[in-house]
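Q: for reference, the sequence and a predicted model appear below.
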Amino acid sequence: MALYHQTVDFLSDSWANRQTQLPLLAVTGASFTIGLLLRSLLSREPEKPPNSVLPSPRTRILTSLSEEENRQLPLPNDVLPGARDVDSPYGSIRVYEWGREDGPKVLMVHGITTPCIALGGLAHALVDRGCRVIVFDLFGRGFSDTPSDLPQDMRLYTTQIMLALTSSPVSWTGADSGKFSLVGYSLGGGIAAAFASYFPNLLSSLVLLAPAGMLHDSHVSFQARLLYATNLIPDNVLEYFVGKRLRAGPLIAAKPKPKNEKLHMRDAITEELPTEVTADAEVLSREYPHLNVPSAIVWQVDNHSGFVHAFMSTMRNGPIFRRTQWKNWARLGEYLSAQNSDPSESLKGQGLPSHKVHILCGNSDAVIMKDDLVTDATAALGGNAVFKFYDAGHEFPSTKYEEVASYISKLL
């Protein structure tokens, strides 16, 4: 899961690596100097009016393309089966749903940088195993619009999940729906855990893939924490530099780092990308088997008017850090402990029949450290967690999707 505190490290690449212990005055002075050099960008944007929506490429780009031109895109309009666009007060939401209508239901939530195509291989593998699957683009990613006047926090994400569910022609939440399994990857793992803490009665199982939510502030570099905490640089300047860094390319996966090394902006950019070895093996879209995550991200940055805003807002407000998410994980843990102690009476059949949260992680994940995750998740969930590890990095759901699908299908 990308870290919002890393976002401004790129602003100081030329000096941060050489002077990591600069005092507050020096950091402030450097930020001010950057502002002077970019004075045309310094004027703060006016407050956005209510119901302000930044459109996705669906309305900005696709309407003027031919079918053949669409097929040549790094992210075609029909990249996954069962596409639908759901109108809402927050803007349009792109949802993909396919698989047996009477099969076990699985809803998946993707990470902060990629559109939902990153989970396309896993979705196809679950459908192959008889499941009914929903994946959707979070606001500001892929073909979903961006509500620019609202923070991208758990309230907004909960609403989006509910909108995706209720737009289905199949019942996902009714008494006869049979409940659904919720799978969250990276940022999506933090979203899924928080959602489950409020609505465990809707779920048959909860699977978290390299989840955000338990990240320590101490893992974040000093300069990034300081600049964000003091708002020394206007948002439009930060958005300019974030977009510039995201467009810089070529994007390559982050290399494993020493355990105690601070996380930087490069980790936020590359964390969900496959390694060069595995990138050629992944098939995320069966309609377009040549597509890959790095190309989709670059196209998204260039063509989605709300992506950079959504990226930054999520890093500031999303379910990422332990200090804000511990209460959600603990609430879920308390529910599971009560369910386990009285499975046949008051809580019977009300949610999460597996009685455990299933957490999957990569051994060489450079962002979600497995040792910290095991310690913190076990404590927050009251021991109601099961862990499995893969010989991979943060990107394993898009490269080891058959193995992950096999694990999930056994729960169903």
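A: Structure received.

Q: mean confidence for stretch 161-176?
A: Confidence over stretch 161-176, taken as the mean pLDDT, stands at 92.

Q: need the residue closest to the centroid of this protein.
A: Computing the C-alpha centroid of the chain and ranking residues by CA atoms, centre = their mean puts G111 first, at 2.0 Å.

Q: tell me where the stretch 301-412 of the chain has helices.
A: For the stretch 301-412 of the chain, the helices defined by DSSP state H, counting those that start in this stretch occupy 307-317, 322-341, 370-380, 396-399, 401-411.

Q: buried ones in the fourth one, by neighbour count?
A: Using 16 or more other CB atoms under 10 Å as the test for burial, helix 396-399 gives F396, P397, S398, T399. Every residue, glycine included, has its C-beta placed from N, CA and C.

Q: what score does S344 have for pLDDT?
A: S344 is assigned a predicted lDDT (pLDDT) of 58.

Q: S148 now?
A: For S148, the predicted pLDDT is 93.

Q: correct me, but it touches L54?
A: Yes: in terms of CB atoms under 8 Å, S148 counts as a neighbour of L54; the distance is 5.0 Å.

Q: which neighbours do the two share?
A: When contacts are counted by CB atoms under 8 Å, 6 or more residues apart in numbering, the set common to S148 and L54 consists of G306, H309.

Q: name the element the closest residue to Y96 other than its chain neighbours belongs to?
A: When the adjacent residues along the chain are set aside, Y96 lies closest to L80, with 4.1 Å between them (CB to CB, 6 or more residues apart in numbering). In the assignment (DSSP states H and E), L80 maps to no helix and no strand.

Q: thought L80 was touching S285?
A: Yes: judged on CB under 8 Å, L80 makes contact with S285 at a distance of 6.2 Å.

Q: more neighbours: which of the two?
A: For L80 against S285, the residue with the higher neighbour count under other CB atoms under 10 Å is L80, and the figures read 26 against 21.

Q: next, that one: phi, psi?
A: With angles defined as degrees, to the nearest 10, L80 sits at phi -130, psi 160.

Q: name all residues that make contact with it.
A: Residues counted as contacts of L80 (CB under 8 Å, 6+ apart) are Y96, W98, C116, I117, G120, A123, V135, S285, E287.

Q: and of these, the nearest to P319?
A: Distances from P319 to the contacts of L80, taken as CB to CB, are shortest for C116 (17.6 Å).

Q: what number of residues lie near that closest one?
A: The criterion is other CB under 10 Å. On that basis, C116 has 28 neighbouring residues.

Q: now do it against T314, distance only.
A: Between C116 and T314 the distance is 15 Å, computed by CB to CB, to the nearest Å.

Q: that older thread, joint contacts of L80 and S285?
A: With contacts defined as CB under 8 Å, 6+ apart, the residues shared by L80 and S285 are I117, G120.

Q: tell me which of the helices of the stretch 301-412 of the chain sits nearest to L202.
A: Each of the helices of the stretch 301-412 of the chain was checked against L202 via CB to CB, and the shortest separation belongs to helix 322-341, namely 12.5 Å.

Q: in that closest one, what's buried?
A: Judged by neighbour count (16+ other CB under 10 Å), helix 322-341 contains these buried residues: R322, T324, Q325, N328, W329, R331, L332, G333, Y335, L336, Q339.

Q: TSV for those, including pLDDT and distance to V404?
A: TSV is the format used below for these (pLDDT from 0 to 100; distance: CB to CB, whole Å):
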residue	pLDDT	distance to V404
R322	94	25
T324	95	27
Q325	97	23
N328	98	24
W329	98	22
R331	96	26
L332	96	21
G333	96	24
Y335	93	25
L336	93	22
Q339	84	25
